[in-house]
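1. what's the 3D shape of this:
(chains A, B and C)
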Amino acid sequence: MILLETKALTRTYGGVVAVSKVSFQAQEGLITGLIGPNGAGKTTLFNNMTGLDLPTAGKVYFKGKDITGHSAHKICRMGIARTFQNIRLFKELTVTENVMVGRHFKTGRNVNHGRTLTAVGSYLQMNREHQQVHAEAMRWLEFFGLEPFANELAKNLPYGHQRELEIARALATEPTLLFLDEPAAGMNPHETASLMATIRRIRDLGITVVLIEHDMKLVMNICDTISVLNYGENIANGTPSEIRGNPLVIEAYLGKEEE
Amino acid sequence: MLNFMLLILIYTGIYALMAMGQNVITGYVGLLSLTQAGFLAIGSYTTAILSVTYGWNFWLTIPVAGLLAAAFGVLIGLPTLRLKGDYLAIATLGFGEIVRNILNNWDSVTKGPMGIQKIPMVKVFGYQLSPYSKWGFLALVWVFVIVGYVLFDRLAKSRMGRALEAIREDEIAASSMGINTTKYKVWAFALGAFSAGVAGSLQAVFTLSVTPGSFTFMVSIMVLCMVVLGGMGNFKAVVLGAFLIQFISYFPQLVGLSNVIPPQFKQVLFGLILVVMMIWRPQGILGREIRGYKPSKEKGGKR
Amino acid sequence: MGSMVEFFQHLMNGLTLGGIYALIALGYTMVYGILKFINFAHGDVLMVGSYIGLFVYNFIRGEVLGAWSILAFFLSMLVGMVFSALLGMTIEKVAYKPLRKATRLAPLLSAIGISFILSNLAAWFWGTKSRKLEYPFDNSPLYIGEVSITPHQILILAVVVVMMVSLKLFVDKTRIGKAMRATSLDQDTAKLMGIRVDRVISITFAIGSALAATAGILIALEIKVYPSMGTMTGLKAFVAAVVGGIGSISGAMVGGILLGLLETFGVALLGIPYGLRDTIAFVVLIIILLLKPEGILGKAEKEKV
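-> The predicted structure follows:
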């Protein structure tokens, strides 16, 4: 089943076409890779699907519903979470707090700020909620083995752990679809290997994953299906082995061979 | 001398309320608002006009003062907060000047530059608080400060506090975590305005008169200094900052040197505090509160 | 016919005022273009510049006669400009440069501190009484048809035009101008291309502050000078910069003139009470932020994700 798709999505900046009539699909329960040379429009496509940027033309559908132009927080609440190419953690907050922020809209109804102002005496309820959010956050930290760092400020984490924390924070929103923008960037082979295992574990939780990645070993290893962008256009879709043999893709990466 | 210390403590309380509001906006959401003076004026004039012209009881004017200030906060917040933070600074700076402009010119309601005199004194449990009963006033003001502190501190530790801090740290990431950033920024701004409005009410019944001249830009700068000096994002620190700034402010009179030291001296000092703190100690004297959570399962919620 | 005359009269006044706003707006927009922050002290640098110009002028006025007094005026303007340029550069070095890597809030707060220091030092040393430049020459109005224009207005417009044209030429044609544009587009890349970014920033502050001083002396001539003048003047000029499109030099010029016209016509034709004249700029700011936040000539900037 198609969980998310774009139909003829186009994004231009002035005269520059970043994404051109891309129809992208993510199948439920699979890991979809989005690859392409630098500047191919991958991140722009991500931003258009997650509400951080408005497409110039075309539509985005999630679970069959048109979500084009929805704001980022609305899209997140519908069940789409993401990470960022250049890590965007809440640097001055602790590791636990970062993940607790991810629980934000899941806890909205019980304690709202309007009540906070009026009812002085509901400390108990607040503590209960707090404990619950805290426990859930800890669960995600354990998923990544980050619990020893729980009280560290996010900015003090080693780089690889920062990437993991960003994923943990995204998972805390309980998404059905997770976008990862270059999750392995800057990781050493050892870290990358453990990341691959983690992404599989995430899929096993029933979460659909779409990832942008330049590390071909990772992409070919864990993706069930791959879409290739080049100069803003979708030039190929298929399984890893199909993509590997596709002459268009080889040309995009290596350039046309001189005759 | 004692009287003087009491005066300083009363003003510390009034300004602490404003500074806590500023702390929500600047310390938590990381936005620069330059108009606590404007909201203080709205609060003061609301109480003055309602009680002098319409004979309202002070206790009824307080919530109106707070809510009216908050409403104006939303009014400036909505167009500017959707955009980058910088515009808020300019819009609020302009707003403060315009409030004073209107107070000076709208003679039929505000009595112009002369202001409104003879504001009725407050009665607490049948006991009348004149400006000379400083102990009584001190108690009244600090009850408000303590209540304000408890509420703000709770807010800071709630999910809303976390959301505000997330917005400060990275607005784009926050919105991608499902946080409606505009809504929270407007809320924070309204809360900041509300507490300044309440502070204005208290100031009006303490001085028993209001004039446009007492709501200058300097008031906003003092409040900002309190937050920066004490420590952004820390409500205890902000109250400490309020005391220190008020102490500096009254120091020349306290030591009987007010004839020697020109009034501009302390204002230059406030300016210096902002610059020096930013360069050498941006976290303030006490620094931000870092809430560590015990990894063990004991009593999870507390810090 | 009378209303036509009135219209041109207001147009003249509006252009004069707007020209002054534009000169100040340029400083905001140039600094914002490069450092992405509002230099709150800009209005106060203007204030200091106009005081210095005023003092120099008062000092040499007694020595010169008749038509030479216009030279005295230009000389004092020059001294004011140089002084402000140095002041602007010093402020940048001391209060902003150490904060380039800090949070967004830090330089803003530091700038507000500087602004407060300058305006209060001025009040301390020079008193709070407002002053005005003595006329360099007879200011009886000339008439073009029935529209009157004072020699001072002509002087102001001439200075504004000369300043704007030279700035535009400087930024478009010279090496330093190119370096400034490159730096505002991408500081890191500019650095890699061998541009000395620190120097460019310094020069930007110098030019912006000198332009502000020019505007300050024109204000001293036409309106008046007082220690806290920087706040409102600066605020309005910033609004002008936003209206025109912050970061755009042509935008600052357009925005300044537009705001000057709106203020003049707002009072004269729309019947806005004079006491509330200052609110016009604020209302304009809110409207532009709601309708076209990037301004008339600005480009919508999007944070890179």
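2. For A:Arg82, give me phi and psi.
-> Dihedral pair for A:Arg82: phi -150, psi 160, per degrees, to the nearest 10.
3. what are the pairing partners of the worst-scoring helix or strand of chain C on mean pLDDT, and which direction each?
-> Sorted by mean pLDDT, DSSP states H and E, the helices and strands of chain C end with strand C:142-144, the least confident at a mean of 81. Looking at strand C:142-144 with DSSP bridges, its partner strands are strand C:147-149 (antiparallel).
4. Identify each buried residue in the following helix or strand past the partner strand, please.
-> Next helix or strand after strand C:147-149 toward the C-terminus (DSSP states H and E): helix C:151-173. Using 16 or more other CB atoms under 10 Å in any protein chain shown as the test for burial, helix C:151-173 gives C:151-153, C:155-157, C:159-160, C:163-164, C:167, C:171. All C-beta spots, glycine's among them, are computed from the backbone N, C-alpha and C.
5. buried residues in the host helix or strand of B:Gly241?
-> In this structure, B:Gly241 sits in helix B:235-254 according to DSSP H and E. Within helix B:235-254, the residues that count as buried by 16+ other CB under 10 Å are B:235, B:237-246, B:248-252.
6. Figure out how far that helix is from the centre of its chain.
-> 14 Å (CA atoms, centre = their mean, to the nearest Å).
7. what's the answer for stretch A:50-58, then?
-> 16 Å.
8. does chain C sit close to it?
-> Yes - using CB under 8 Å from any CB of the partner chain, stretch A:50-58 reaches chain C at A:52-53.
9. buried ones in that stretch?
-> By 16+ other CB under 10 Å, the buried positions in stretch A:50-58 come out as A:50-53, A:55, A:58.
10. tell me which parts of the stretch 1-150 of chain B are close to chain C?
-> Taking CB under 8 Å from any CB as the measure of proximity, the stretch 1-150 of chain B contacts chain C at B:26, B:30, B:32, B:34, B:76, B:79-80, B:83, B:85-87, B:89-91, B:93-95, B:97-98, B:101-102, B:104-105.
11. how does it look with 7 Å?
-> B:30, B:32, B:79-80, B:83, B:85-87, B:89-91, B:93-94, B:97-98, B:101, B:105 (CB under 7 Å from any CB of the partner chain).
12. Narrow the residues you listed to just the buried residues.
-> B:30, B:32, B:79-80, B:85-87, B:89-91, B:93-94, B:97-98, B:101, B:105.
13. Which of the residues you listed sits closest to chain A?
-> Closest approach between those and chain A, by CB to the nearest CB: B:Gly30, at 10.0 Å.
14. and the closest one, what pLDDT?
-> Note for B:Gly30: predicted pLDDT of 91.
15. So it lies in a helix, does it not?
-> No - B:Gly30 sits outside any helix when classified using DSSP: H, G, I helix; E, B strand; the rest coil, being coil.
16. Which residue comes closest to it once chain neighbours are left out?
-> In space, and not counting its chain neighbours, B:Gly30 is closest to B:Arg168: 3.4 Å by CB to CB, 6 or more residues apart in numbering or on different chains.
17. how about the one you found, what does it touch?
-> B:28-30 (CB atoms under 7 Å, 6 or more residues apart in numbering or on different chains).
18. Which parts of the stretch 51-200 of chain C are helices?
-> In the stretch 51-200 of chain C, the segments counted as helices under DSSP state H, counting those that start in this stretch are C:69-91, C:105-126, C:151-173, C:175-185, C:187-192, C:197-222.
19. Got phi/psi on the residue of the stretch 1-150 of chain B found nearest chain A?
-> Chain A sits closest to B:Val150 of the stretch 1-150 of chain B, with a gap of 7.1 Å, by CB to the nearest CB. Backbone geometry at B:Val150, expressed as degrees, to the nearest 10, gives phi -60, psi -50.
20. And the pLDDT at the nearest residue to C:Asp198 once chain neighbours are set aside?
-> Nearest residue to C:Asp198, sequence neighbours excluded (CB to CB, 6+ apart): C:Lys97, at 7.5 Å. The score at C:Lys97 is 93. That number is its pLDDT.
21. For C:Lys97, give its distance to B:Leu32.
-> 20 Å (CB to CB, to the nearest Å).
22. now C:Ala240
-> From C:Ala240 across to B:Leu32, the span is 20 Å (CB to CB).
23. at contact distance from chain C, anything in the longest helix anywhere in chain B?
-> Secondary structure assigned by DSSP state H gives helix B:181-207 as the longest helix of chain B. No - under the criterion of CB under 7 Å from any CB, helix B:181-207 makes no contact with chain C; the nearest approach is 12.7 Å.
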